[in-house]
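Engineer: coords below, sequence missing:
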């Protein structure tokens, strides 16, 4: 039978220490995932994923610049062609100085980021210092690697500010972990990269960087049907993260493409001519 | 040699729709009472709503056997919580517990589409909506189940409030009164019953407010 690595869930079982074991028998004997009793595990997982249809459409991005890390994301969740939500929080606040982004399976990202937050807090308590971005991303990457091939869908960026300065890592459910200065993840990422790469300078101000991030998300939501909703922009500085803006992308369209009165009058004049 | 295919699935879909709407000081949770399998109706009076805590209810559609197992699990966990903390679980706490419970079956999911409704610790209405593996979000209103694609656009039209992600934040309380919200739910289910074969028979509405929990029923088309 398959042996899975459950160390990622260890913190959950300590919850029941000291409680009469009969009472909680079967509820928490060991933190574990039930495996279906089937001969064709992969086929079963494929069908189970079809049933769950995790939200994949998304645009998230993050980049390092002179003043820290800028993180931005849209807020649409889609199940096939149906928009299941326009107000999903895709930027997850792991702790006051670290953020994670969500792309892929919503439940997978939410659960493992929450789990990472717990692990980071335990690290602080055990070592009397904050965990580094390198360490946090490694914790997450190791857990995801141990579930490689089981159908988890996670494409996340861990952004934070630690003793070595700003840090940004890309971590995914294939077990990949990359350190970098600029990342965009999701179905809208090609569009976001286009805007981001052409407008990027290392020494931008916070306002310029925020506007670049906002524009990149806006353009991705314009062209990618699976991205939309509200474009959120966060900044991570030496004192932690701060949410800078949350704008409805429908309204951003009219901000970037204002309808001038002259345009309207010209159209009306043209229409009036026979 | 062709791959062996399973000739039995552990899952079934018993159909049905659920709705929850959060107000300033109340919460309305509603579900139809039809339980079906394929083209057959198994029961016209099956309740999909369960009370998890004093001011917290859950409505679930999907595979009712998994729903029943999930309800039992949550009730047991709530009892342990009461023994350990000497108080009832709040709605947000139950919200996270449900999310974790669903995710622990990530590789053999509960085929259960849930909405959690109740009052938060300040007495304001709160609704949480879930997918089958535990991703959740606090919202002002939500619907799940076979009729949700028919119901959701109508609720968006009537109740759509500014997104909680907007900055500067805009107030997102549903402006409806309790009676207006209950009427809205009745209208919504009457419409869904017309166009969804799995929704109908009877509507069960539960209203949670400061005074307590109140239950109401309304007949729907039985065809």
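Structural biologist: Looks like it came in fine. A quick note: this is a predicted structure, and the numbers were derived from the prediction, not measured.

Engineer: contact partners of the strand or helix carrying residue A:94?
Structural biologist: Using DSSP states H and E, residue A:94 sits within strand A:91-95. With contact meaning CB atoms under 8 Å, 6 or more residues apart in numbering or on different chains, strand A:91-95 is reached by A:60, A:71-73, A:99-102, A:109-110, A:113, A:116-117, A:120-121, A:136, A:158, A:160, A:232, A:234, A:241. C-beta coordinates here come from the backbone N, C-alpha and C atoms, glycine included.

Engineer: Give the closest residue to residue 36 in space, chain neighbours not counted.
Structural biologist: Using chain A. Of all residues not flanking residue A:36 in the chain, residue B:108 sits nearest, at 4.4 Å (CB to CB, 6 or more residues apart in numbering or on different chains).

Engineer: wait, chain B
Structural biologist: Excluding the flanking residues, the one nearest residue B:36 by CB to CB, 6+ apart is residue B:15, at 4.6 Å.

Engineer: After the helix-or-strand element of chain B with minimal mean pLDDT, which helix or strand is next?
Structural biologist: One helix or strand of chain B scores below all others by mean pLDDT, DSSP states H and E: strand B:136-139, with a mean of 92. Downstream of strand B:136-139, the next assigned helix or strand under DSSP H and E is strand B:141-145.

Engineer: packing partners for that following strand?
Structural biologist: strand B:17-22, strand B:56-62, strand B:112-119, strand B:125-130, helix B:148-159 (3 or more CB pairs under 8 Å, 6 or more residues apart in numbering or on different chains; DSSP states H and E).

Engineer: following the strand holding residue A:94, which helix or strand comes up?
Structural biologist: strand A:98-101.

Engineer: Distance from that following strand to the middle of the chain?
Structural biologist: The chain centre lies 7 Å from the centre of strand A:98-101; the measure is CA atoms, centre = their mean, to the nearest Å.

Engineer: mind checking how far the closest residue to residue B:115 other than its chain neighbours is from residue B:63?
Structural biologist: In space, residue B:115 comes closest to residue B:20 once its chain neighbours are excluded; the distance is 4.3 Å by CB to CB, 6+ apart. If you measure residue B:20 against residue B:63 using CB to CB, to the nearest Å, the figure is 20 Å.

Engineer: neighbour-wise, which of those two wins?
Structural biologist: residue B:20 (32 against 24; other CB atoms under 10 Å in any protein chain shown).

Engineer: what is that one paired to in the beta sheet?
Structural biologist: residue B:29, residue B:142 (DSSP bridges).

Engineer: With residue A:203 as the reference, measure out to it.
Structural biologist: Taking CB to CB, one finds residue B:20 at 50 Å from residue A:203.

Engineer: quick revisit: take the contacts of strand A:91-95 and keep only those in strands.
Structural biologist: A:60, A:71-73, A:99-101, A:158, A:160, A:232, A:234, A:241 (DSSP state E).

Engineer: of these, closest to chain B?
Structural biologist: residue A:232 (5.5 Å; CB to the nearest CB).

Engineer: Tell me who's in contact with that closest one.
Structural biologist: So residue A:232 contacts A:72-73, A:75, A:89-91, A:243, A:245-246, B:165, B:167 (CB under 8 Å, 6+ apart).

Engineer: If we use 7 Å, what do you get?
Structural biologist: Residues near residue A:232 by CB atoms under 7 Å, 6 or more residues apart in numbering or on different chains: A:72-73, A:75, A:91, A:243, A:246, B:165.

Engineer: Those residues of chain A touching chain B, which are they?
Structural biologist: A:23-24, A:27, A:33-36, A:38-40, A:45, A:48, A:51-52, A:75, A:82, A:85-89, A:106-107, A:110-111, A:150, A:229-230, A:232, A:243, A:245-246, A:248 (CB under 7 Å from any CB of the partner chain).

Engineer: count of neighbours near residue A:96?
Structural biologist: Neighbour tally, residue A:96, other CB under 10 Å: 12.

Engineer: Grab the nearest non-local neighbour of it.
Structural biologist: According to CB to CB, 6+ apart, the nearest residue to residue A:96 is residue A:240 (4.4 Å).

Engineer: Let me see the confidence value for the one you found.
Structural biologist: Residue A:240 carries a pLDDT value of 94.

Engineer: That one and residue A:97 touch, don't they?
Structural biologist: Yes: Residue A:240 lies in contact with residue A:97 (CB atoms under 7 Å); the separation is 4.2 Å.

Engineer: Tell me which of the two has more neighbours.
Structural biologist: residue A:97 (20 against 16).

Engineer: wait, what's in contact with that one?
Structural biologist: Per CB under 7 Å, 6+ apart, neighbours of residue A:97: A:160-161, A:236, A:240-241.

Engineer: Ranking by neighbours, what's the top pick from those residues?
Structural biologist: Top of those by neighbour number is residue A:160, holding 29 neighbours under the definition other CB under 10 Å.

Engineer: Can you get me a residue count around residue B:46?
Structural biologist: Neighbour count for residue B:46, taken as other CB under 10 Å: 19.

Engineer: quick one: contacts for the closest residue to it other than its chain neighbours?
Structural biologist: Nearest-residue entry for residue B:46: residue B:35, 3.9 Å, with adjacent residues in sequence omitted and distances by CB to CB, 6+ apart. The contact partners of residue B:35, taken as CB under 7 Å, 6+ apart, are B:14, B:16, B:42-43, B:46, B:64.

Engineer: who's residue B:35 bridged to?
Structural biologist: residue B:43.

Engineer: Look up how far residue A:128 lies from it.
Structural biologist: From residue B:35 to residue A:128 the distance is 56 Å (CB to CB).

Engineer: residue ranges of the strands in the stretch 1-150 of chain A, please?
Structural biologist: A:60-65, A:68-73, A:77-79, A:82-85, A:91-95, A:98-101 (DSSP state E, counting those that start in this stretch).

Engineer: What of the stretch 151-274 of chain A?
Structural biologist: All strands of the stretch 151-274 of chain A, identified by DSSP E, counting those that start in this stretch, fall at A:155-162, A:165-172, A:177-179, A:182-185, A:230-237, A:240-248.

Engineer: so residue A:48 touches residue B:109, yeah?
Structural biologist: Yes: the pair residue A:48 / residue B:109 is scored as a contact, 5.9 Å apart, by CB under 7 Å.

Engineer: Does residue A:246 touch residue A:230 like I think?
Structural biologist: Yes: using CB under 7 Å, residue A:246 is in contact with residue A:230, at 5.2 Å.

Engineer: For chain B, which residues are neighbours of chain A?
Structural biologist: Neighbours of chain A within chain B, by CB under 7 Å from any CB: B:4, B:6, B:76, B:80, B:103-109, B:111, B:131-135, B:137, B:149, B:163-167.

Engineer: pLDDT wise, what is residue 151 at?
Structural biologist: No chain in the question, so chain A it is. At residue A:151, pLDDT is 89.

Engineer: nope, chain B
Structural biologist: pLDDT at residue B:151 comes out at 97.

Engineer: residues in contact with the closest residue to it other than its chain neighbours?
Structural biologist: Excluding its sequence neighbours, the residue lying closest to residue B:151 (CB to CB, 6+ apart) is residue B:143, at 4.2 Å. By CB under 7 Å, 6+ apart, the contact set of residue B:143 is B:17-19, B:151-152, B:155.

Engineer: mind redoing it with 10 Å?
Structural biologist: B:17-21, B:30-31, B:59, B:61, B:113, B:115, B:129, B:149-155, B:185, B:188-189, B:192 (CB atoms under 10 Å, 6 or more residues apart in numbering or on different chains).

Engineer: longest single helix anywhere in chain A?
Structural biologist: Longest helix in chain A by number of residues (criterion: DSSP state H): helix A:106-127.

Engineer: what packs against that helix?
Structural biologist: Packed against helix A:106-127 by the contact rule (3 or more CB pairs under 10 Å, 6 or more residues apart in numbering or on different chains; DSSP states H and E) you find helix A:10-13, helix A:41-52, strand A:91-95, strand A:98-101, helix A:133-146, strand A:155-162, helix B:91-103, strand B:136-139.
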